[in-house]
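Asker: Mind folding the following:
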Amino acid sequence: MRRAAVLLLALPAVAACGRGVDVPPPPYADSPACAELRLPDTILGAGRRPTDLPGTAAWGEPPITLRCGVERPQALTPDANVVDINGVTWLPIDGTGGTAFVTVDWPTPENPVYLEVLVPEDYAPEAGALVDLAPALG
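Answerer: The predicted structure is shown next:
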């Protein structure tokens, strides 16, 4: 849980919506599932912003960020509280300033690729961002 809090504090470093967003590189961004993502132009009404790395995306200010191909979260245990949003199971991890959500069973339960979405509390309820992402993960 501390890792998510640190990331949420570190990511919103860019002030202008037209400027790129620095997103930490996901270690497994070269996954075929990441390459096939067709992400929306807006999430929660926030427009897409440029990022420099494959497997990453951002929207709005403060930025909602996505990293495809992250490590399996330590908080993902057999008794972890998960939520299902339009057929995709997510592990919410509360942090300072927002919530991190990590897919549990995407693209398949047998061969998951962990996709992380960091949503600042400015977009509360933060889980709303997952509804806008659902078509890209379906």
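Asker: make it CA atoms for all contacts and neighbour counts henceforth
Answerer: Will do.
Asker: Grab the nearest non-local neighbour of Ile93.
Answerer: Ala100 (5.0 Å; C-alpha to C-alpha, 6 or more residues apart in numbering).
Asker: Helix, strand or coil: sort out that neighbour for me.
Answerer: Put simply, Ala100 is strand when judged by DSSP: H, G, I helix; E, B strand; the rest coil.
Asker: Is it bridged to anything, and to what?
Answerer: With DSSP bridges applied, Ala100 shows beta-bridge pairing to Ile93, Leu118.
Asker: Would you agree it is in contact with Glu121?
Answerer: No - applying C-alpha atoms under 8 Å, one finds Ala100 not in contact with Glu121, separated by 10.4 Å.
Asker: Check the gap between the residue most central in space within the chain and Asp52 for me.
Answerer: Closest to where the C-alpha atoms of the chain average out (C-alpha atoms, centre = their mean) is Val117, at 1.2 Å. According to C-alpha to C-alpha, to the nearest Å, Val117 stands 17 Å off from Asp52.
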